[in-house]
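Undergrad: fold the following.
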Amino acid sequence: MKNPCSRTGKKPTEASIKTQKSIVDRLNRIEGQIRGIKSMIEKETYCDDIINQIEASRSALHSVQIILLESHIKNCVVDQIRHGDTDVIEEILRTIKRLTR
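TA: So this is what the prediction gives:
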């Protein structure tokens, strides 16, 4: 499995492997939701029902984003700071600002 913190060359931990599997599982479900939305549109399903499914997919994707951000901070960012790479602080702040717009 490829290291999610590839900048430091650190081997993935059991926790990071579990997080990655959880994210992939969630993305597979989201992918199914998106295919379902496409099918609903093709079948001319009632618009409000489609909108509700789109919101559910958006919410699920946001959830993946938060899990990934949390893992990134706890693992990658902390490790980079330990190795003297303080530029990562500005990087994570820019990321958080983008997420909160």
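Undergrad: what about the longest helix anywhere in the chain, average pLDDT?
TA: Scanning the chain for the helix with the most residues, using DSSP state H, yields helix 14-42. The predicted model gives helix 14-42 an average pLDDT of 94.
Undergrad: so what's the residue nearest to the spatial centre of the chain up against?
TA: For the chain, residue 65 is the residue whose C-alpha lies nearest the centre (C-alpha atoms, centre = their mean; 3.1 Å). Residue 65 makes contact with residue 99 under the criterion C-beta atoms under 8 Å, 6 or more residues apart in numbering. Yep, even glycine has a C-beta here, placed from its N, CA and C like the rest.
Undergrad: in three-state terms, label it for me.
TA: When classified by DSSP: H, G, I helix; E, B strand; the rest coil, residue 65 comes out as helix.
Undergrad: ditto for residue 71
TA: Following three-state DSSP, the label given to residue 71 is helix.
Undergrad: hmm, residue 19 and it touching each other?
TA: Yes: contact criterion C-beta atoms under 8 Å: residue 71 and residue 19 qualify, at 4.7 Å.
Undergrad: tell me, how many residues neighbour residue 25?
TA: The number of residues packed near residue 25 is 11, by other C-beta atoms under 10 Å.
Undergrad: distance of residue 15 from residue 49?
TA: To residue 49, residue 15 is 38 Å away according to C-beta to C-beta, to the nearest Å.
Undergrad: now swap in residue 71 and tell me
TA: Counting by C-beta to C-beta, the gap between residue 71 and residue 49 amounts to 34 Å.
Undergrad: go on, residue 57?
TA: Residue 57 is 13 Å from residue 49, where distance means C-beta to C-beta.
Undergrad: the two: who's more crowded?
TA: Between residue 57 and residue 49, counting by other C-beta under 10 Å, residue 57 is the more crowded of the two (18 against 11).
Undergrad: can you tell me the average pLDDT over stretch 73-81?
TA: 92.
Undergrad: quick one: terminal-to-terminal distance for that stretch?
TA: In stretch 73-81, first residue to last residue: 10 Å (C-alpha to C-alpha, to the nearest Å).
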